[in-house]
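Trainee: structure, please.
(chains A, B, C and D)
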2 protein chains.
Amino acid sequence: MTSPRPADTFPTPEHDHAECIDAALTHAEDTCRRLGLRFTPIRRRVLELIWQNHEPVGAYDLLDQLSRDGRRAMPPTVYRALEFLVAAGLVHRLATLNAFVGCAHPDHAHQGQFLICRNCRRVVEMESPKVGRSLKREAEALGFSIEEQSIELTGLCPDCSSEAH
Amino acid sequence: MTSPRPADTFPTPEHDHAECIDAALTHAEDTCRRLGLRFTPIRRRVLELIWQNHEPVGAYDLLDQLSRDGRRAMPPTVYRALEFLVAAGLVHRLATLNAFVGCAHPDHAHQGQFLICRNCRRVVEMESPKVGRSLKREAEALGFSIEEQSIELTGLCPDCSSEAH
DNA sequence: CGCGCGGTGGTATAATATAACAATCGTCAC
DNA sequence: GTGACGATTGTTATATTATACCACCGCGCG
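Mentor: Below is the predicted model of the structure:
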């Protein structure tokens, strides 16, 4: 068994993705137990589907996949599961894509910065305290107090850059 | 006549907003002339509507207002005008709100950071070279090259903070 | 038991955005 | 002028994303 991929880098093609999924689900179980939240089958399944790869997935894609499971899911079902997972810090919503991606650092509260490859669509969640601090300081200088941040950077990941696009 | 508001701060209630609108329209004319772009009546009117205040406005709000003008506008009309204005750097799209706001620094290429007040909905465009540099540096350290950035910070503006929400 | 509450199922619809094609307008070559 | 061409706008239809609303179920608790 290969080691799990490190957070904050683009996953190699060889990484053991089954382990990513497993780690995400296990962590979700723990988190929910700890917080007294119910990790129901639908919520579990949606999280599992989101983690099928490192690309963001749309709510209606999830819906299709749930339907293929046999259960006839309707939009509210998916959106409720997503709302729960986002609130629990297990999933992030990418505003620029209207899509959802598994949280890479679910073990602590944070609001990261997302690197989104426009070619392969993979996403990495970066956590730069420096950027966070600068933003906070400069916003405060204008009298603004930040409550939520959405930082999404689109470009080319290392693998796609080297292929000359 | 009062002086135009400085960029990068929340506008005071007393600022001469007619001057904001006028400056935006005049600048747009100049820019389009300089770049050989056509600043048609629809584009002009949409920009004017966007600048009616410092709050982001949705495409369908603009549509309603255009209809009240007398012209029977359909969604593509508005979206085309918006697409043009965004491409020309005269308007920004806020992904977290699906809404559009006038560009406060239209005289040079840039990708700023938006401070969005959740209470009064006003938006200010901040330009922090420091944040931009940090992000670029840290993304490059991961081998990622940034092409577009979307940075949207939601919270309370100075005026709304002081009112204790 | 009976009540309340969180979760889910299901219908309908809202809100945002684009595809595709026709009609019109501007400009420039001739 | 006028014909050709590209850019802009008009129009219809539809795609995509998201939510409102109500009914039902299962379960813990008084």
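Trainee: going by C-alpha atoms from here, please, whenever you check contacts or count neighbours.
Mentor: Noted.
Trainee: what's around A:Leu94, how many residues?
Mentor: Applying other C-alpha atoms under 10 Å in any protein chain shown, we find 21 residues neighbouring A:Leu94.
Trainee: now swap in A:Glu29 and tell me
Mentor: Neighbours of A:Glu29 using other C-alpha under 10 Å come to 17.
Trainee: cool, and A:Gly36?
Mentor: 9.
Trainee: phi, psi of it?
Mentor: phi 70, psi 30 (degrees, to the nearest 10).
Trainee: same question for A:Gly112.
Mentor: Torsion angles, degrees, to the nearest 10, at A:Gly112: phi -90, psi -170.
Trainee: counting neighbours, what do you get for it?
Mentor: For A:Gly112, using other C-alpha under 10 Å, the count is 22.
Trainee: and stretch A:113-121, which residues are buried?
Mentor: A:113-118, A:121 (16 or more other C-alpha atoms under 10 Å in any protein chain shown).
Trainee: got it, and stretch A:81-100?
Mentor: Buried-residue list, stretch A:81-100, by 16+ other C-alpha under 10 Å: A:81-86, A:88-96, A:99-100.
Trainee: and for stretch A:26-40?
Mentor: A:28-29, A:31, A:39.
Trainee: could you list the low-pLDDT ranges of chain A?
Mentor: Low-confidence segments of chain A (pLDDT under 70): A:1-7, A:164-165.
Trainee: get me the contact residues on it for chain B.
Mentor: A:8-10, A:95-96, A:115, A:128, A:130-131, A:134-135, A:138-139, A:142-158, A:161 (C-alpha under 8 Å from any C-alpha of the partner chain).
Trainee: which PyMOL command selects the buried ones in those?
Mentor: Applying 16+ other C-alpha under 10 Å to these, the buried members can be selected in PyMOL as follows:
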select buried, chain A and resi 8+9+10+95+96+115+131+134+135+138+139+142+143+144+145+146+149+150+151+152+153+154+155+156+157+158
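Trainee: of the residues of chain A next to chain B, list those near DNA strand D.
Mentor: A:Ala95 (C-alpha under 7 Å from any atom of the strand).
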